[in-house]
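Student: Fold the following.
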Amino acid sequence: MEVITKEQVKLSRDEIEHRIRSGEVFIHPTDTIYGLGCNALNSKAVIRIRDIKNRDTRPFSVIAPSKEWIMQNCLLSAEEKKWVAKLPGPYTLILRLKDNRCVASEVNMDLDTLGVRIPAHWFADFVRELGVPVVTTSANLAGMDYMTSIDDLDPKIARKADFAIYEGEKKGRPSTLINLTAVDENELIIKR
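Tutor: I've put the predicted structure just below:
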């Protein structure tokens, strides 16, 4: 697996964007922990992530290119709009979709909901410029510890990912899930 820095991403932006658009699977930094990602419109790439993580059925979340993308593709009540206004931040908002074709069906397993986030991190700006949603799931095998540094990256993931954007050790925890589709207010926040 090729390891590249933030500076290399800046120098080779067009090449990195092309690689992501064409379906490469990669590790990326966020404001919380490292994620495993791909172009969320590319079914083959999403299936590769499912294979890498041994995660057959649970839906993935995406880093949205912008708040406008969220508003165009998700049904938002006044309360949900308040949560979207809090982005960027360490939240993953589970929202109902207007049109589930905004991501490959393998991302959310054809559900009418999608987890979306915009990290408070430079990588969110990269996704905005890329202009497509990017799958974001913790860079670990299902049920195992999440990646906080290159030293604790599972070798099985390292062998199967095409590249990693690495910027040093992360001290965060996974984003907080806010289930805005919950019927019961007690189910609103899901700690991970």
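Student: Tell me how many other residues crowd the closest residue to residue 52 other than its chain neighbours.
Tutor: Excluding the flanking residues, the one nearest residue 52 by CB to CB, 6 or more residues apart in numbering is residue 160, at 4.7 Å. C-beta here means a position set from N, CA and C on the backbone, and glycine is covered the same way. The tally of other residues near residue 160 (other CB atoms under 10 Å) stands at 16.
Student: Then residue 92?
Tutor: By the criterion of other CB under 10 Å, residue 92 has 25 neighbours.
Student: now do residue 5
Tutor: Residues lying near residue 5 (other CB under 10 Å) number 13.
Student: I'd say it and residue 163 touch.
Tutor: No: using CB atoms under 8 Å, residue 5 makes no contact with residue 163, being 11.2 Å away.
Student: could you list every residue that touches the residue nearest to residue 52?
Tutor: Residues near residue 160 by CB atoms under 8 Å, 6 or more residues apart in numbering: 25, 48, 51, 52.
Student: Does the first one touch residue 45 like I think?
Tutor: Yes: at 5.9 Å, residue 25 counts as touching residue 45 under the criterion of CB under 8 Å.
Student: picking that back up, between the contacts of residue 160, which has the most around it?
Tutor: For the contacts of residue 160, neighbours were counted using other CB under 10 Å, and residue 25 has the most, 25 neighbours in all.
Student: Distance of that one relative to residue 18?
Tutor: According to CB to CB, to the nearest Å, residue 25 stands 15 Å off from residue 18.
Student: residue closest to the middle of the chain?
Tutor: residue 136 (1.8 Å; CA atoms, centre = their mean).
Student: May I ask you to confirm that that residue belongs to a strand?
Tutor: Yes: under DSSP: H, G, I helix; E, B strand; the rest coil, residue 136 sits within a strand.
Student: Counting neighbours, what do you get for residue 16?
Tutor: The burial count assigned to residue 16 is 20, neighbours taken as other CB under 10 Å.
Student: please renumber so the chain begins at 34
Tutor: Got it, first residue is 34 now, which makes that one residue 49.
Student: Can you tell me the element it falls in?
Tutor: helix 46-54 (DSSP states H and E).
Student: Would you mind getting the angle between that helix and strand 167-171?
Tutor: Regarding helix 46-54 and strand 167-171, their directions subtend 80 degrees when assessed with axes from the mean of the first three to the mean of the last three CA atoms, to 10 degrees.
Student: what helices or strands is helix 46-54 leaning on?
Tutor: Packing partners of helix 46-54 (3 or more CB pairs under 8 Å, 6 or more residues apart in numbering; DSSP states H and E): helix 155-163.
Student: what is the mean pLDDT for stretch 45-64?
Tutor: Confidence for stretch 45-64, expressed as mean pLDDT, is 96.
Student: in it, what's buried?
Tutor: 49-50, 52-53, 56-64 (16 or more other CB atoms under 10 Å).
Student: Among these, which pair sits farthest apart?
Tutor: Using CB to CB, the buried residues of stretch 45-64 span at most 25.6 Å, a distance reached by 56 and 64.
Student: By residue count, which helix of the chain is the longest?
Tutor: In the chain, ranked by residue count with DSSP state H as the criterion, the top helix is helix 76-86.
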